[in-house]
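J.: quick one: sequence plus predicted model below, questions after.
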Amino acid sequence: MTPDPEAILLVGGGGHCRSVIDVLEAAGRRIAGVVERPGSGVSEVLGHPVLGTDEDLPALARLYRFALITVGQLESPQPRMRLAALLKELGFSFPAVASPLARVSPHASLGQGTVVHHFAVVNAGARVGAHCILNTRALVEHDAAVGDFCHVSTGAVLNGGTSVGEGCFIGSGAICRDNISIGAGCFVAMGVRVLAPLAPGARLTPGNIRGNT
């Protein structure tokens with residue numbers, strides 16, 4: 001079978017990959033296959049073949065133009081950052097993809113490699129960087145800014161004018177008030193309310209929210 005050069009190669013075959021596959025299929029995008037870690041024992045993901053491991057990426061770059069990083073992001077963005085650098089060096093391009101069930105304002109912008117999942121909203125004037133995950137039902141309100149390699153998790157809310165630095169994780173159901181700044185590399189746990197600015201690298205969990213209420 002001749003490879004489809006316009007199809008998208010997915011790098012990472014776990015749970016986040018399955019979620020991205022559902023978005024891509026709903027959006028009518030073609031999927032080349034999946035790259036998994038060595039020794040995973042996985043031969044297909046939701047019917048899409050595993051084409052190799054990271055060691056096979058140079059050969060796969062000669063067959064396919066487009067790739068998405070489908071490794072998830074919780075504690076650290078570093079694995080996704082390392083993959084992005086490797087894939088860029090190999091010459092891959094990274095499409096931005098939005099579910100047809102999401103709403104991305106024509107007055108908003110998405111960086112390369114960013115995926116907007118089902119029922120997420122990116123409102124007018126919002127700017128989302130590269131390789132971000134805007135997960136199911138996430139809300140990025142008007143004029144908010146999200147840096148590269150951020151994960152705005154399921155049902156999280158970034159209110160209007162909020163600024164989120166590179167490499168942040170905003171947990172499921174977290175709510176960030178309007179017009180505050182969240183520094184690069186911050187971790188906001190599930191369900192937490194962010195009511196004051198966060199310094200770079202801060203971790204906000206239910207156990208340390210004093211001063212942020």
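T.: Now that the structure is in, tell me what you want to look at.
J.: from now on I want contacts and neighbour counts done on CA atoms only, so please keep to that.
T.: Noted.
J.: for the closest residue to G171 other than its chain neighbours, report the pLDDT, please.
T.: Ranked by CA to CA, 6 or more residues apart in numbering and with sequence neighbours excluded, the top spatial neighbour of G171 is M190, at 4.1 Å. On the pLDDT scale, M190 is placed at 96.
J.: and M190, how close does it get to S153?
T.: 9 Å (CA to CA, to the nearest Å).
J.: ok, now I180?
T.: I180 is 18 Å from S153, by CA to CA.
J.: ok, the two, which is more surrounded?
T.: S153 (26 against 20; other CA atoms under 10 Å).
J.: burial count for the residue nearest to A120 when sequence neighbours are not counted?
T.: Ranked by CA to CA, 6+ apart and with sequence neighbours excluded, the top spatial neighbour of A120 is R137, at 4.1 Å. Here the number of neighbours of R137 (other CA under 10 Å) works out to 22.
J.: equivalent analysis for the one 10 residues further on, please.
T.: Per other CA under 10 Å, the neighbour tally for G147 reads 22.
J.: now it: how far from P100?
T.: In terms of CA to CA, G147 sits 23 Å off from P100.
J.: mind listing what the residue minimising distance to the centre of the chain touches?
T.: The residue lying closest to the centre of the chain (CA atoms, centre = their mean) is I133, at 2.0 Å. I133 makes contact with 114-117, 149-153, according to CA atoms under 8 Å, 6 or more residues apart in numbering.
J.: ok, T154 next?
T.: 134-138, 171-173.
J.: where are the low-confidence patches of this protein?
T.: Residue ranges of the chain with pLDDT under 70: 1, 209-213.
J.: that's a helix at the residue nearest to G171, yeah?
T.: No. If the criterion is DSSP: H, G, I helix; E, B strand; the rest coil, then M190 is coil and not within a helix.
J.: just to check, it is in contact with F169?
T.: No. M190 is beyond contact range of F169, at 9.7 Å (criterion: CA atoms under 8 Å).
J.: more neighbours, these two?
T.: Between M190 and F169, counted using other CA under 10 Å, F169 has the larger neighbour count: 27 against 20.
J.: could you verify my assumption that that one touches V188?
T.: Yes. With contact defined as CA under 8 Å, F169 reaches V188; the gap is 6.0 Å.
J.: give the residues shared as contacts by those two.
T.: Here F169 and V188 share no contacting residue, scored by CA under 8 Å, 6+ apart.
J.: what's the spacing between the residue nearest to G171 and A7?
T.: 34 Å.
J.: please apply the same query to G155.
T.: 30 Å.
J.: need the contact list for S163.
T.: By CA under 8 Å, 6+ apart, the neighbours of S163 are 144-146, 179-182.
J.: cutoff 10 Å now
T.: 126-127, 143-147, 176, 178-184, 197 (CA atoms under 10 Å, 6 or more residues apart in numbering).
J.: settle this for me: C17 is touching V71, isn't it.
T.: Yes. At 6.7 Å, C17 counts as touching V71 under the criterion of CA atoms under 10 Å.
J.: need the residues touching each of those two.
T.: Jointly contacting C17 and V71 under the rule CA under 10 Å, 6+ apart are 10-11.
J.: what about R29, neighbour count?
T.: 14.
J.: same thing with D56?
T.: A count of neighbours around D56, defined by other CA under 10 Å, yields 12.
J.: check contacts around it.
T.: Contacts of D56 (CA under 10 Å, 6+ apart): 35-36.
J.: kind regards, and thank you for your time.
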